[in-house]
Every structure is written in C-alpha cells, then in structure tokens.
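In: Pasted the sequence and its predicted model underneath.
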Amino acid sequence: MSAKDEFLEAFSLSVKRPGADRLLAWLKKTDFFTAPASTRFHGDHESGLVEHSLNVYHRLQEEIKALPVAPSEETVAVCGLLYDICKANFYKVSQRNAKNEKTGKWEKQPFYQVEDQFPYGHGEKSVFLIERFMRLKVEEAVAIRWHMGGFDESVKGGSYAVSGAFEKYPLALLLHVADMKATYLDEGKKESV
C-alpha cells in the first residue's frame, strides 16, 4: 500500500467530525501527498511529507500509552496525520548546477526550495488550515501549534509558552516527542530529489 493510500485509509477510518471530508478533499488538491518533509533533512524526497506524517502518527499511537487517560483515536489521527499540513504547497522544485563525480561535468540537478505562499508560522499555520474545514479540540490545537517544541521560532525568540503548553496538555509534549522520534530514529537522511 502506498503512503498516500495508507494516510487516506487511516484518516477516513478515524476522523469522523463535520468538515473532515472537506479537509481531505482540499488536501488532495494540494501537493501534500507528493511534497517532501523538508528541503535537506529528513524526508527530503518526493512523498516525504506524507511518509513522515504516517511515521509521526504511528509514533504518537505508541507515545499516548504513557498517559493515564489516552485521547481518542480520532484525536490521535487528527494530531499525528495533520500537524504538518502547513507544508502543503510550501515547496517547489528548482534546478542547480552540480558536478557529476563520475564524469567531472557540471549538470543541472533538481532540489527542493521553500516557496511559502502563506507565511503564518509553522504550527499556527497548520491549526489555521485545519480549522478552515473542521473544528479542533483545544488539546489538539495546542498540540499541533507547539509540535516543534524548542525548534519553534517563538521559543528561539525567548517565549516560554511552550512550557505551559506541555505542562497543561501532555498531548502537546507527546506529539513533539513522536515528531522527534520519527525524524531522528525512523527516517534519517535520504537521497534528495
């Protein structure tokens, strides 16, 4: 089963709230299923974003077992599958010259480049995009907003709000942990475009 098919099945089986069908229809019109997860780190290849989203979703399913009261499967699917939809329509393929080590000749090589059409922040943008179609529970919105943890731009700028989010909403911390584990333990660096 392809990563796209696995995502569609997991989403359709778990997310039943009003607007979910419209969100999925919009997502299918974007490059979400073919986009990379990053330009040069984890998942920097075609379909890297949907693969990474699935890895985070599976990691989050494991992480929530540590909670005394686990969130619903729908909440886990919403957070694990949709937290990074801010990266839909975010990248473009460009060309650059690179020396072919075998031939010694310079050749045009494709690479991914950020072309943010809606610079609204990372987690904030995902929350905004999801809520255009369906309502999020507070714990879902907080988890998606703060999934970057210490890598979030506002945290790097001195904000301590992420600490409050992690203390009040353990799902936020667990989504961040799932994201880090998927990134550094499950995926690692792969070939570029």
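Out: Now that the structure is in, tell me what you want to look at.
In: residues in contact with residue 135?
Out: 17, 18, 19 (C-beta atoms under 8 Å, 6 or more residues apart in numbering). (C-beta placed from N, C-alpha, C; glycine too.)
In: how about the helices of the chain, start to end?
Out: 3-14, 20-29, 48-63, 73-82, 123-131, 138-145, 153-156, 161-168, 170-181 (DSSP state H).
In: Can you tell me which of the ones you listed has the worst average pLDDT?
Out: Of all these, mean pLDDT reaches its minimum on helix 153-156 (a mean of 80).
In: so what secondary structure elements neighbour that helix?
Out: helix 161-168 (3 or more C-beta pairs under 8 Å, 6 or more residues apart in numbering; DSSP states H and E).
In: related to what we said a few turns ago, of the contacts of residue 135, closest to residue 72?
Out: residue 17 (10.5 Å; C-beta to C-beta).
In: got the phi/psi numbers for the residue nearest to that closest one when sequence neighbours are not counted?
Out: Excluding the flanking residues, the one nearest residue 17 by C-beta to C-beta, 6 or more residues apart in numbering is residue 134, at 5.4 Å. As for residue 134, its main-chain torsions (degrees, to the nearest 10) stand at phi -150, psi 150.
In: Residue 134 touches residue 20, doesn't it?
Out: Yes. If you go by C-beta atoms under 8 Å, residue 134 and residue 20 touch, sitting 5.4 Å apart.
In: how much space between the closest residue to residue 33 other than its chain neighbours and residue 180?
Out: Counting by C-beta to C-beta, 6+ apart, residue 33 lies nearest to residue 4, which is 4.4 Å off, once chain neighbours are set aside. Distance, residue 4 to residue 180, using C-beta to C-beta, to the nearest Å: 24 Å.
In: and if you look at residue 1?
Out: Applying C-beta to C-beta to residue 1 and residue 180 gives a distance of 26 Å.
In: Between the two, which is the more surrounded one?
Out: Ranked by neighbour count (other C-beta atoms under 10 Å), residue 1 and residue 180 place residue 180 first, with 17 against 8.
In: Is there a neighbour count for residue 70? I'd like the number.
Out: 15.
In: mind listing what it touches?
Out: Neighbours of residue 70 in contact, by C-beta under 8 Å, 6+ apart: 64, 76.
In: Residue 118 contacts residue 125, correct?
Out: Yes. The pair residue 118 and residue 125 passes the contact test of C-beta under 8 Å, sitting 6.5 Å apart.
In: Pick out whichever of the two has more residues nearby.
Out: Neighbours were counted for residue 118 and for residue 125 using other C-beta under 10 Å; residue 125 has more, 21 against 11.
In: number of nearby residues for the residue nearest to that one when sequence neighbours are not counted?
Out: Computed as C-beta to C-beta, 6+ apart, the closest residue to residue 125 that is not its neighbour in sequence is residue 86, at 3.8 Å. Using other C-beta under 10 Å, residue 86 has 22 neighbouring residues.
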